[in-house]
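Participant: next come a sequence and a model predicted from it.
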Amino acid sequence: MKKYTPYIFPLVVLSVVFLLVFRWYSMRTQRMDENLFAEGVEIENLSEDEMAKSISGVGDYKSVDLSSTDVNVSGVVRYELKDDRVRFSVMANLPESENEYRVWLKEVDGNNMREVFTLVSGKGGYIGSASLPSELLPFEIIVSQKSSADAAKETNVLRGTLEAQDSVEMELE
């Protein structure tokens, strides 16, 4: 027994360290799965060429109308699923304002939100575009002038949802 005693304490310490590392890793991956709109999710803006294609309808784009309580406000999201990414453009007819119009993404079954881009005034109204991983589908698109997520949920100008079923149909076509 005396010859095994010096090995018992290091084995106990190693097993505790192993359990702590395992617990840390499992909680980390669980948190990342729960919050798909976390800071680690890569959202990139589309190039001018890609944005022009989505606006003009060149390619296999689908569209979703954005709803509003104001009859003078309208908007549409044109999107496509390509290379495991969702490329989308938001086009909206909004009243001129000194405040910026911001586009937010919100989890459909959750409360997590993330600002994606700011709409820019153009010839046909306000426009903006981005690309993000398709695993985030479904998500809700919210256009608001508020700079915080909580305020944007409550006072939004336009709202629409990109559904996951649409992406499955697009892959099958």
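Facilitator: Yes, it's here. Residues are numbered from 1 along each chain as shown.
Participant: can I get stretch 12-26 in CSV, CA atoms only?
Facilitator: C-alpha atoms of stretch 12-26 as CSV (Å, rounded to 0.1, in the frame of the first residue of the first chain):
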residue,chain,number,x,y,z
VAL,A,12,-7.4,12.5,-7.7
VAL,A,13,-6.1,15.9,-8.8
LEU,A,14,-6.1,14.8,-12.5
SER,A,15,-9.6,13.4,-12.3
VAL,A,16,-10.9,16.6,-10.7
VAL,A,17,-9.2,18.7,-13.4
PHE,A,18,-10.6,16.4,-16.1
LEU,A,19,-14.2,16.8,-14.7
LEU,A,20,-13.8,20.6,-14.6
VAL,A,21,-12.6,20.8,-18.1
PHE,A,22,-15.4,18.5,-19.3
ARG,A,23,-18.0,20.6,-17.5
TRP,A,24,-16.6,23.8,-18.9
TYR,A,25,-16.6,22.5,-22.5
SER,A,26,-20.1,21.1,-22.3
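Participant: and that stretch, which residues are buried?
Facilitator: For stretch 12-26, a neighbour-count test (16 or more other C-beta atoms under 10 Å) marks nothing as buried. C-beta here means a position set from N, CA and C on the backbone, and glycine is covered the same way.
Participant: just how off-centre is that stretch within its chain?
Facilitator: Relative to its parent chain, stretch 12-26 has a centroid offset of 33 Å by C-alpha atoms, centre = their mean, to the nearest Å.
Participant: tally of neighbours for the closest residue to residue 93 other than its chain neighbours?
Facilitator: Nearest residue to residue 93 in three dimensions, chain neighbours excluded: residue 125, at 4.4 Å (C-beta to C-beta, 6 or more residues apart in numbering). As a burial measure, residue 125 scores 14 neighbours (other C-beta atoms under 10 Å).
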